[in-house]
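>>> What follows is a predicted protein model with its sequence.
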Amino acid sequence: MTCSILVGGAWGDEGKGKCITYLCDNDKPDIIARAGVGPNAGHSVEFNGEKYGLRLTPSGFVHTDAKLMIGAGVLVNPDVLFKEFEDLKKYNVKERMCVDPRCAIITEDHMDRDKKSEHLAKKIGSTGSGCGPANSDRVLRTVGLAKDTPELEDYLTDVSLEINEAIDDGEDVFIEGSQGFALSLYYGSYPYVTSKDTTASTFAADVGVGPTKVDEVINVFKAYISRVGEGPFPTEMTQEEAESKGLEEYGVVTGRRRRIG
């Protein structure tokens, strides 16, 4: 039995999606669970010559014998999830997906508030996906949950119970974090951060796993740093210099060009 958590060591964009795809395809875990904030984070997956940009589906979906789960700490936009079901139809993602009934639901109102917020959209550089306002409503105890969302009824599963029973039964569990340590609401470059903590301990809590059940944390870095959005970036180079080094990247969710350091 192994319970692994994969996290990002910088401002996101470290290549987590590619690492997760490789590890899950090779190690064949029984459960692959998505932790993290929600659909404001995009993971790039390349497999068998095809490319996918995922926002809710775990990047280990290529291992078709695994159950796919979204933990209670993750914000869910049903429209994003259902689009990924269509995009990944040949991998039977829809038939394997489990959503915790305690997941908070992102609405059009959340996305509208995100995009129109002078602070979030312009100062912080939010993705506009509605995650900040949805997490705000969760704190205020006014947000809707997956258990009250009719279109998600067929996918509802007590993710924490399933994962803990799997670990107790000697099965392998892989927990996929999103974004990166430097975007943590608590430990990152505040206020230019995301709307919750992004460390391994929070990712474990997102899917209902206690710390004593975690066997390893895999921290992903790349050879240079990049970030999307505003905020301090001590080693930032000009886009012209980045281009001269062949370092041109774009965010999966927004399509914005990444800053390079």
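Done, it's in. Numbers count the residues shown, from 1 in each chain.

>>> helix/strand/coil for the residue nearest the centre of the chain?
For the chain, the residue nearest the mean C-alpha position is S178 (3.6 Å; Cα atoms, centre = their mean). Following DSSP: H, G, I helix; E, B strand; the rest coil, S178 is assigned to coil.

>>> Quick one, grab the pLDDT at C98.
Among the per-residue scores, C98 shows a pLDDT of 98.

>>> and if you look at I20?
According to the predicted model, the pLDDT of I20 comes to 93.

>>> Buried residues of the helix or strand containing it, list them for me.
Here I20, judged by DSSP states H and E, is contained in helix 16-27. Across helix 16-27, burial judged by 16 or more other Cβ atoms under 10 Å covers 16-24. Heads up, the C-betas are built off the backbone N, CA and C, glycines and all.

>>> hmm, who's touching it?
The set of residues that contact helix 16-27 without belonging to it, under Cβ atoms under 8 Å, 6 or more residues apart in numbering, is 4, 6-8, 32, 43-47, 54, 58-60, 62-63, 66, 172, 174, 176-178, 218, 220.

>>> Can you turn the buried part of those into a PyMOL selection?
A single PyMOL command selects the buried members of the contacts of helix 16-27 (16+ other Cβ under 10 Å):
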select buried, resi 4+6+7+8+32+43+44+45+54+58+59+60+62+63+66+172+174+176+177+178+218+220
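
>>> any weak-confidence spans in this structure?
122 (pLDDT under 70).

>>> try 90 this time
Under the criterion pLDDT under 90, the flagged ranges of the chain are 1, 12-13, 15, 17-18, 40-53, 114-128, 227-231, 246-258.

>>> All the helices of it, in order from the start?
Taking DSSP state H, the helices of the chain run over residues 16-27, 78-87, 93-96, 108-116, 131-139, 159-168, 200-206, 239-244.

>>> got the ones you listed as CSV, with distance to I260 columns?
Putting the helices of the chain into CSV (distance: least, Cβ to Cβ, whole Å) gives the following:
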stretch, distance to I260
helix 16-27, 18
helix 78-87, 28
helix 93-96, 33
helix 108-116, 26
helix 131-139, 25
helix 159-168, 36
helix 200-206, 26
helix 239-244, 4
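
>>> Which of these sits closest to Y250?
helix 239-244 (11.9 Å; Cβ to Cβ).

>>> now that closest one: how far from the chain's centre is it?
Centroid separation for helix 239-244 versus its chain: 29 Å, with Cα atoms, centre = their mean, to the nearest Å.

>>> list the helices and strands that helix packs on?
Other helices and strands packing on helix 239-244, by 3 or more Cβ pairs under 8 Å, 6 or more residues apart in numbering; DSSP states H and E, are strand 259-260.

>>> May I have the strands that pair with the strand it packs on, each with its orientation?
Neighbouring strands of strand 259-260 in its sheet, by DSSP bridges, are strand 226-227 (antiparallel).

>>> ok, and what's touching the strand it pairs with?
The set of residues external to strand 226-227 that reach it, using Cβ under 8 Å, 6+ apart, is 10-13, 182, 233, 247, 249, 258-261.

>>> Export those residues as JSON lines, with columns for distance to A121 and neighbour count.
Written out in JSON lines, the entries for those read as follows (distance: Cβ to Cβ, whole Å; neighbours: other Cβ atoms under 10 Å):
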{"residue": "A10", "distance to A121": "23", "neighbour count": "20"}
{"residue": "W11", "distance to A121": "18", "neighbour count": "27"}
{"residue": "G12", "distance to A121": "18", "neighbour count": "26"}
{"residue": "D13", "distance to A121": "20", "neighbour count": "26"}
{"residue": "A182", "distance to A121": "21", "neighbour count": "21"}
{"residue": "F233", "distance to A121": "19", "neighbour count": "17"}
{"residue": "L247", "distance to A121": "26", "neighbour count": "16"}
{"residue": "E249", "distance to A121": "21", "neighbour count": "16"}
{"residue": "R258", "distance to A121": "18", "neighbour count": "20"}
{"residue": "R259", "distance to A121": "17", "neighbour count": "21"}
{"residue": "I260", "distance to A121": "23", "neighbour count": "22"}
{"residue": "G261", "distance to A121": "23", "neighbour count": "16"}
